[in-house]
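In: Quick one, structure for this:
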Amino acid sequence: MNKREAIIEAAIELFSAKGLNKTKIADIVKQANIAQGTFYLYFSSKLSVMPAIAEVMALKIRDEMDEQVDRHEPFPVQIEQLTQAVFTITKEYQTIQALVYAGIASTDHIRNWESIYDPLYIWVDNFLKQAVTEKFIPPINGETPKMVIALVESVAEQAYLYDEVDPQVARNKQAAVVTFLLQALKASPSIS
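Out: So this is what the prediction gives:
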């Protein structure tokens with residue numbers, strides 16, 4: 001792990017445990033086992049770490065989708081698996097997800113959000129194009145992958161960041177997202 005990665009991992013761990021306001025740069029550098037000056041070679045402030053954390057979280061979601069989505073399963077099952085992957089990461093990192101949104105929204109880094117999410121958009125775009133090729137869904141437009149991610153992530157956030165975390169409510173929301181996506185994508189009923 002390089003020093004930048006060590007800083008990001010330390011920040012994720014500390015922000016999750018202590019929160020943004022209680023975490024000092026001194027805490028991050030101690031956890032990362034680097035000199036304080038080294039921190040400033042990579043980041044200008046603890047808020048400037050947020051886009052890098054958001055990138056890590058986007059990659060975690062992408063990797064979870066890669067791991068959970070079985071391309072040999074019927075398309076509706078794959079949609080369930082994709083949704084489960086996003087819900088899993090959102091639940092596991094609910095504190096850090098909330099901090100990332102607050103941190104990025106309060107700075108000019110919000111303008112970078114789309115590029116931060118490119119790995120997710122590319123993954124979902126490839127996933128959906130494969131479904132089109134296999135005639136599970138009709139052709140999609142270029143905005144569809146962004147809408148899929150936005151919907152699934154937004155509902156996962158509702159389940160784990162904004163609402164009281166009730167496992168049954170989260171499962172119900174997840175099932176509703178799957179149903180909505182299958183209808184919105186006009187998935188072939190013959191493969192359900």
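In: quick one, phi psi at Lys135?
Out: phi 60, psi 30 (degrees, to the nearest 10).
In: Next, count neighbours for it.
Out: Here the number of neighbours of Lys135 (other Cβ atoms under 10 Å) works out to 11. C-beta here means a position set from N, CA and C on the backbone, and glycine is covered the same way.
In: Which parts of the chain belong to which domain?
Out: 1-43, 50-187 (automatic domain parsing).
In: do you know how far Lys46 is from Ile7?
Out: Computed as Cβ to Cβ, to the nearest Å, the Lys46 to Ile7 distance reads 10 Å.
In: who has more neighbours, those two?
Out: Ile7 (25 against 20).
In: what separates that one from Phe127, distance-wise?
Out: Distance check for Ile7 against Phe127: by Cβ to Cβ, it reads 32 Å.
In: now swap in Glu92 and tell me
Out: Going from Glu92 to Phe127 by Cβ to Cβ gives 22 Å.
In: and what of Ala6?
Out: The gap separating Ala6 from Phe127 is 32 Å, by Cβ to Cβ.
In: In terms of neighbours, single out the busier of Glu92 and Phe127.
Out: Neighbour totals were compared for Glu92 and Phe127, and Phe127 leads with 19 against 13 (other Cβ under 10 Å).
In: give me every residue that touches that one.
Out: By Cβ atoms under 8 Å, 6 or more residues apart in numbering, Phe127 lies in contact with 65, 69, 78, 82, 145.
In: how about the helix or strand harbouring it: buried residues?
Out: Under the criterion of DSSP states H and E, Phe127 resides in helix 118-133. Buried residues in helix 118-133, counted by 16 or more other Cβ atoms under 10 Å: 120-121, 123-125, 127-128, 131.
In: Having no further points to raise, I will conclude here.
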